[in-house]
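Engineer: Pasting a predicted model and its sequence here:
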Amino acid sequence: MVSTETQAEITEYLGRVPSWIEALPEPAADHSWGIIRDLELGETKLEQREKALVALGAAAAIQCPYCIRFHRAEAELEGVTDAEMSEAIAVTSGVRYFSTVLHGAEVDHDEFATETEAITEHVEEQRSAAPSDD
């Protein structure tokens, strides 16, 4: 269970201490809340909206109904539309699909890295050659 100070902090952030907090082993409980507070809820390089979409995509990929429910609600709080959530989940499913193909085919990682670098360079060249909207 989390410390009394952490319980108060969680209540301030969330309005209650969720029951699942009790499932955390005591040595990791306060630290686990710190990860949520500082990374997921805190001000970081990503906007809350972006973090909600990333989290929803990850939740869908790992097929966690708890995480899907929470991160869908989080995304809704951030103004993410159903269409945007569907797109994030579809992008995630594409990553999972192609990861399965790459792993199943045992594609050489070094060759893949070299090809990715060449593709990135090509796209950058195409972008720099494109007329500007300014």
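Structural biologist: Looks like it came in fine. Numbers count the residues shown, from 1 in each chain.

Engineer: Show me where this protein has its strands.
Structural biologist: Read by DSSP state E, the chain holds no strands at all.

Engineer: Helices of that one, start to end?
Structural biologist: In the chain, the helices defined using DSSP state H lie at 4-14, 26-35, 48-61, 65-77, 82-104, 109-129.

Engineer: State the distance from the nearest residue to residue 3 once chain neighbours are set aside to residue 14.
Structural biologist: Spatial nearest neighbour of residue 3, excluding adjacent residues (Cβ to Cβ, 6 or more residues apart in numbering): residue 30 at 5.5 Å. (C-beta placed from N, C-alpha, C; glycine too.) For residue 30, the distance to residue 14 (Cβ to Cβ, to the nearest Å) stands at 15 Å.

Engineer: so what's residue 6 up against?
Structural biologist: Going by Cβ atoms under 8 Å, 6 or more residues apart in numbering, residue 6 touches 29-30, 33.

Engineer: Please determine how far the residue nearest to residue 3 is located from residue 94.
Structural biologist: From residue 30 to residue 94 the distance is 37 Å (Cβ to Cβ).

Engineer: Who has more neighbours out of the two?
Structural biologist: residue 30 (16 against 10; other Cβ atoms under 10 Å).

Engineer: Please list all residues in contact with that one.
Structural biologist: By Cβ under 8 Å, 6+ apart, the neighbours of residue 30 are 2-3, 6.

Engineer: So for the closest residue to residue 67 other than its chain neighbours, what's the pLDDT?
Structural biologist: Once flanking residues are discounted, residue 67 sits nearest to residue 59: 3.5 Å by Cβ to Cβ, 6+ apart. pLDDT, residue 59: 97.

Engineer: okay, now residue 59: neighbour count?
Structural biologist: With other Cβ under 10 Å as criterion, residue 59 counts 21.

Engineer: Tell me where the model's unsure across this protein.
Structural biologist: 134 (pLDDT under 70).

Engineer: tally of neighbours for the closest residue to residue 79 other than its chain neighbours?
Structural biologist: Closest residue to residue 79 apart from its sequence neighbours, by Cβ to Cβ, 6+ apart: residue 49 at 6.8 Å. Neighbours of residue 49 under the rule other Cβ under 10 Å: 15.
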